[in-house]
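Asker: Just to be clear, the model below is a prediction. Sequence and coordinates:
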Amino acid sequence: MNRIRIIGGQWRRQVIKFPDSMGLRPTPDRVRETLFNWLGQDLTGRACLDLFAGSGALGFEAASRGAARVVMVERDAKVMAALKENARRLKMPSTVEFVTTDALKYAVSCKTPFDVVFADPPYRQGWLARLEASLDTLLYPDGAFYAETEFPVETLGKWQTTRQGQAGQVCFHLLHLAQQDQELAA
């Protein structure tokens, strides 16, 4: 089993374990630290969606930092079993939900928007382009979409990159709805 540590919040320094799986790349500590500095360290009251949960690093970080609701979506049954075992071992609250399905199927059928959506999809499969049409229903107008990719992203539909960074081969981005579209949605 592979291991990664939660870096902040209630479960800081706790280890989460995950199996080998093709395309599974846990978000590095440095990148998670940057992301949660961008979002604010305290996610109390926020609803978060980890669309390609994998190791669970992003979803568990959000839960550790007080998110009111965290949904982790993962299609691989072996990886999902490890996510559930980590949650059980850490005594995560029932506000952490697990859904075994394809990320796009979940995104298209989702009826309740989130404050923050994390997307670290497998590379070179066009996932962000396929998710673009669902962003307006997945997120509140003032929500944040986080994406890890192998290439820089300026926009996804009406969503614009407001923060970005690179660590090795990983490009990471925080996107928000363009200001004029936020005003129209209000």
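Answerer: Arrived safely, thanks for sending.
Asker: drop to CA atoms for contacts and neighbour counts, all remaining ones
Answerer: Noted.
Asker: With Val73 as the reference, measure out to Thr100.
Answerer: To Val73, Thr100 is 6 Å away according to C-alpha to C-alpha, to the nearest Å.
Asker: higher neighbour count, those two?
Answerer: The residue with more neighbours, out of Thr100 and Val73, is Val73; 25 against 15, by other C-alpha atoms under 10 Å.
Asker: Phe98 is in contact with the more buried one, correct?
Answerer: Yes - between Val73 and Phe98 a contact is recorded at 6.1 Å, counting by C-alpha atoms under 8 Å.
Asker: What are the boundaries of the strands in the chain?
Answerer: 2-5, 15-18, 47-50, 69-73, 96-99, 114-119, 139-149, 155-156, 159-167, 170-177 (DSSP state E).
Asker: Report the buried residues of the first one.
Answerer: Neighbour-count burial for strand 2-5, counted by 16 or more other C-alpha atoms under 10 Å, picks out Ile4, Arg5.
Asker: What pairs with it, parallel or antiparallel?
Answerer: Applying DSSP bridges to the sheet, strand 2-5 is found paired with strand 15-18 (antiparallel).
Asker: Could I get the average pLDDT for the strand it pairs with?
Answerer: Along strand 15-18, the predicted confidence averages to a pLDDT of 90.
Asker: Buried ones in it, by neighbour count?
Answerer: Under the neighbour-count criterion of 16+ other C-alpha under 10 Å, strand 15-18 has Val15, Ile16, Lys17, Phe18 buried.
Asker: residues contacting the third one?
Answerer: With contacts defined as C-alpha atoms under 8 Å, 6 or more residues apart in numbering, Lys17 is in contact with Met1, Asn2, Arg3, Ile4, Ser55, Ala82, Asn86.
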